[in-house]
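Visitor: Fold the stuff below for me.
(one chain, ligands or ions: 1)
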Amino acid sequence: MTATQDVLGTVDRLRRQVSDLHGELTRNELVVWTAGNISARVPGRDLMVIKPSGVSYDELTPENMVLTDLFGTAVDGGGSPSSDTDAHAYVYRHMPAVHGVVHTHSTYATAWAARGEAIPCVLTMMADEFGGEIPVGPFALIGDDSIGRGIVDILDGHRSTAILMKNHGVFTIGKDARSAVKSAVLCEEVARTVHISRQLGELLPIPQTDIDHLYQRYQNVYGQK
Ligand SMILES: O=C(CO)[C@@H](O)[C@@H](O)COP(=O)(O)O
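Guide: This is a model prediction of the structure:
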């Protein structure tokens, strides 16, 4: 197999994966209408596969996923890439370990973003998945590197794989697109639980040593190895 055939095979696989993963956003009720998007980095190449802009979730297919370079320029002659392509691309250019990016406006997490308030680490699930609080990023307009810069400035070197962009919504990162989708699902889950808990009384923080222990176990022991 030639290198070109290898890359084309990888791109086709990522087109199917990214297209299918958008179904997880609707199944978990993280998006409405056409809001939100998912991308995946093409390993070893300055390329990514991302959702086409403004296309209904039930019309997304592997074929209409858009292949772009890491400055957001479509390279496959397909449709227009997502409105948030610049943000995804900036993350990939500046965080080489990230191979998946997700954006949603999920209700409870976006309600925290509307207040510009980080979600405190008061649940073991937060310690497991995020290693502490879910941080807030700056308000940023769409259509240039502003959102991506806000994500990288906070998440680079941070344990959390989710960030609440002020007045906007959720961005998550992962070692692959599926991991980033998982982060988005769990971000909404804990945003809802902590919101409800705070309405009923005082939140009880978890000691940092316990957060660290939970995080190390979940990241290194949990599941099937
Ligand atoms: O956050 C935004 C725009 O504010 C996007 O998630 C949303 O409009 C979806 O845009 P795309 O369909 O991905 O171009």
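Visitor: all strands for this protein, in order.
Guide: Counting by DSSP state E, the chain has these strands, from start to end: 37-42, 47-50, 66-69, 100-104, 136-137, 162-165, 169-174.
Visitor: what's the most buried one of these?
Guide: Comparing those by mean neighbour count (mean count of other CB atoms under 10 Å), strand 100-104 ranks first with a mean of 29. Just so you know, the C-beta spots here come from the backbone N, C-alpha and C atoms, and that holds for glycine as well.
Visitor: Around the ligand, pick out the residues from the protein.
Guide: By the criterion of CB under 6 Å from any ligand atom, the positions of the chain lying close to the ligand are 34-37, 51, 53-54, 82-84, 103, 142.
Visitor: Residue nearest the middle of this protein, spatially speaking?
Guide: Taking CA atoms, centre = their mean as the criterion, T172 is the residue nearest the geometric centre of the chain, at 2.3 Å.
Visitor: quick one, what contacts that one?
Guide: 101-103, 161-163, 180-181, 183-184, 187 (CB atoms under 8 Å, 6 or more residues apart in numbering).
Visitor: As CSV, the residues of the chain next to the ligand with distance to V122 and pLDDT would be great.
Guide: CSV is the format used below for these (distance: CB to CB, whole Å; pLDDT from 0 to 100):
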residue, distance to V122, pLDDT
T34, 33, 98
A35, 28, 98
G36, 26, 98
N37, 30, 98
K51, 33, 98
S53, 37, 98
G54, 38, 98
S82, 33, 98
S83, 33, 97
D84, 30, 98
H103, 25, 98
I142, 32, 93
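Visitor: among the residues you listed, which ones are buried?
Guide: Of the members of those, the ones counted as buried by neighbours, 16 or more other CB atoms under 10 Å, are 34-37, 51, 82-84, 103.
Visitor: In helices only, show me these.
Guide: Among these, none falls in helices (DSSP state H).
Visitor: Quick check: T26 touching S56?
Guide: No: assessed by CB atoms under 8 Å, T26 is found out of contact with S56, at 10.1 Å.
Visitor: The two: which is more packed in?
Guide: T26 (14 against 8; other CB atoms under 10 Å).
Visitor: so what's that one up against?
Guide: Shown here is T26, whose contacts under the criterion CB under 8 Å, 6+ apart are Y57.
Visitor: And it, what's its pLDDT?
Guide: Among the per-residue scores, T26 holds a pLDDT of 98.
Visitor: before we move on, what about D76?
Guide: On pLDDT, D76 comes in at 85.
Visitor: Now do the phi/psi pair for it.
Guide: Backbone geometry at D76, expressed as degrees, to the nearest 10, gives phi -120, psi 10.
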